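Chemist: Quick one: sequence plus predicted model below, questions after.
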Amino acid sequence: MKKTPRIALITGSARRLGREIALSAAESGYDIVLNYNSSSVKTVNKTITEIESRGANAYPFKADISKVKDVIRMFDFIRKKINRLDLLVNNSAIFEKKDFFDIDESFFNEFIDTNLKSVFFCSQEAAKIMKKQKKNRNNIINIASLGGLLNWQDFMPYSIAKAGVIKFTELLAKKMSPDILVNAIAPGTIIIPGDANRTANLDEVKNYPIGRFGVPADINSLIKYLIVENTYITGHTFVVDGGRMLR
């Protein structure tokens, strides 16, 4: 009998870190629900091809996850098309520098909606499916940030949202135990090969004791452990930062 593949939803997975996570999960035996919003058709199709080249199926779905109605629409698609979900990676986020006195309500709400509210409601919908799969290994992994731990005064809405993600991870892990393991990863700067990181200050590498910024493999190796090997760790935020927190 053919083994039923595990299903992973990675938000914002057409490009950048989300894409790298999706490709790694495909290599670990997961079919991928590929969520995207503003990515071009060319970019989405390229990622689909790369997922399929790893022997996995890709289910693309366009949704603006800052809007709860789009989140519900996406999960309705998952229920009708696949009716299974083993892994949710809340990856999608926006990041922008702005002085405290220049932040208006619209800017603030955009960051909270995209970086925090989406994590809450995607997790809520995912848990409804996962709770029915008690014999499976179910995981929710939230991509947080050093910005949720350090005092980035020029990125206040971003940092507030990411701090919320870290606290939400703890709350959800307690609520969902033992059926769903919930953890977070707080990366430092991650450089994506071939994808210019316009927000990276390359001079900041001096603050990284290991002497380099992170690469996707530094995140994916941890995710692979959490989804393949881990059966006991939940409610933790793993800082993956080359020692940046030590400075």
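Modeler: That came in fine, so what should we check first?

Chemist: And the longest helix along the chain, what does it pack against?
Modeler: When the chain is parsed with DSSP state H, its longest helix is helix 156-176. With contacts taken as 3 or more Cβ pairs under 8 Å, 6 or more residues apart in numbering; DSSP states H and E, helix 156-176 sits against helix 105-112, helix 118-130, strand 138-143, strand 180-187. For the C-beta atoms, the positions are set from N, CA and C on the backbone; glycine is no exception.

Chemist: what separates it from the chain centre, distance-wise?
Modeler: Chain-centre distance of helix 156-176: 13 Å, with Cα atoms, centre = their mean, to the nearest Å.

Chemist: pull the CA atoms of that helix into CSV?
Modeler: C-alpha atoms of helix 156-176 as CSV (Å, rounded to 0.1, in the frame of the first residue of the first chain):
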residue,chain,number,x,y,z
MET,A,156,8.9,48.9,16.3
PRO,A,157,5.7,47.5,14.7
TYR,A,158,7.8,44.6,13.3
SER,A,159,9.4,43.9,16.7
ILE,A,160,6.1,44.2,18.6
ALA,A,161,4.6,41.6,16.2
LYS,A,162,7.5,39.2,16.5
ALA,A,163,7.5,39.5,20.3
GLY,A,164,3.8,38.5,20.1
VAL,A,165,4.7,35.5,17.9
ILE,A,166,7.1,34.3,20.5
LYS,A,167,4.6,34.6,23.4
PHE,A,168,1.8,33.1,21.2
THR,A,169,4.1,30.1,20.5
GLU,A,170,4.3,29.4,24.3
LEU,A,171,0.6,29.8,24.8
LEU,A,172,-0.3,27.6,21.8
ALA,A,173,2.1,24.9,22.8
LYS,A,174,0.5,24.6,26.2
LYS,A,175,-3.0,24.7,24.7
MET,A,176,-2.3,22.1,21.9
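
Chemist: Now do the helix or strand encompassing L222, average pLDDT.
Modeler: Using DSSP states H and E, L222 sits in helix 216-224. Averaging pLDDT along helix 216-224 gives 97.

Chemist: Need the residues that contact it.
Modeler: With contacts defined as Cβ atoms under 8 Å, 6 or more residues apart in numbering, helix 216-224 is touched by 17, 20-21, 24-25, 28, 89, 141, 143, 185, 187, 190, 192-193, 238, 240.

Chemist: ChimeraX command for the buried members of those residues?
Modeler: In ChimeraX, a selection of the buried entries from these looks like this (16 or more other Cβ atoms under 10 Å):
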select :17,20,21,24,25,28,89,141,143,185,187,190,192,238,240
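
Chemist: Report the separation between T11 and G243.
Modeler: Using Cβ to Cβ, to the nearest Å, we find T11 at a distance of 28 Å from G243.

Chemist: Just want to know which of those two has more residues nearby.
Modeler: For T11 versus G243, neighbours defined as other Cβ atoms under 10 Å are more numerous around T11 (26 against 13).

Chemist: so that one makes contact with V89?
Modeler: Yes. Using Cβ atoms under 8 Å, T11 is in contact with V89, at 7.0 Å.

Chemist: intersection of neighbour lists for those two?
Modeler: Common neighbours of T11 and V89, using Cβ under 8 Å, 6+ apart, are G18.

Chemist: Backbone dihedrals for the residue nearest the centre of the chain, both of them.
Modeler: Among the residues of the chain, the one closest to the centroid is N91, at 2.0 Å (Cα atoms, centre = their mean). Here the main-chain torsion angles of N91 (degrees, to the nearest 10) amount to phi -100, psi -30.

Chemist: Give me the pLDDT value at it.
Modeler: 98.

Chemist: Sweet, I'm off.
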